[in-house]
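# Let me see the structure of the following:
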Amino acid sequence: MKGMEIKITGHIIEKGILSILFGALKDKESDITDIEISASSLKGGWEEKCPSIMTFKLVSFNERDLKNSYEEVLALLKENGCRLIYRKDIL
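This is a model prediction of the structure:
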């Protein structure tokens with residue numbers, strides 16, 4: 001299995017980012033695992049006052065599917081105002 005660890009920032013909860021990512025990956029071999037979302041506070045993060053941070057792993061047994069899924073995930077994140085903090089390849 002190959003994958004990458006990804007860390008993003010944005011209004012993850014308010015914009016329903018997890019649902020958007022699920023819709024994009026549901027028919028692909030790739031999956032998102034080890035999801036962690038951090039917010040400053042419930043009230044502070046609501047109504048897009050303060051962004052949250054999400055770390056997750058995008059994994060797949062198929063390297064081509066992983067690459068295509070990464071490009072699609074990155075495009076969806078950008079469309080929804082999220083920013084990439086870092087990406088690290090993992091084995």
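
# in the biggest helix by length in the chain, what counts as buried?
Secondary structure of the chain per DSSP state H: the longest helix is helix 63-79. Counting neighbours by 16 or more other CB atoms under 10 Å, one finds that the buried residues in helix 63-79 are 66, 69-70, 73-74, 76-77. All C-beta atoms are positioned from the backbone trio N, CA, C, and that covers glycine.

# Next, the angle from the helix or strand hosting Thr9 to helix 63-79.
Using DSSP states H and E, Thr9 sits within strand 2-10. Between strand 2-10 and helix 63-79, the angle comes out at 0 degrees (axes from the mean of the first three to the mean of the last three CA atoms, to 10 degrees).

# Quick check: which helices or strands does strand 2-10 pack against?
Using 3 or more CB pairs under 8 Å, 6 or more residues apart in numbering; DSSP states H and E as the contact test, the elements touching strand 2-10 are strand 52-60, helix 63-79, strand 83-90.

# how about those in CSV, adding distance to Gly23 and mean pLDDT?
Listed next are the helices and strands packed on strand 2-10 as CSV, based on distance: least, CB to CB, whole Å; pLDDT from 0 to 100:
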stretch, distance to Gly23, mean pLDDT
strand 52-60, 15, 97
helix 63-79, 9, 96
strand 83-90, 20, 96
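
# what's the closest of the ones you listed to Leu21?
Closest of the helices and strands packed on strand 2-10 to Leu21 is helix 63-79, at 6.2 Å (criterion: CB to CB).

# How far off centre is the closest one?
10 Å (CA atoms, centre = their mean, to the nearest Å).

# residues making contact with that helix?
Residues outside helix 63-79 that contact it (CB atoms under 8 Å, 6 or more residues apart in numbering) are 2-4, 6, 8, 10, 17, 20-21, 24-25, 28-30, 58-60, 83-84, 87.

# go again using 7 Å as the cut-off
With contact meaning CB atoms under 7 Å, 6 or more residues apart in numbering, helix 63-79 is reached by 2-4, 8, 20-21, 24-25, 28-30, 58, 60, 84.
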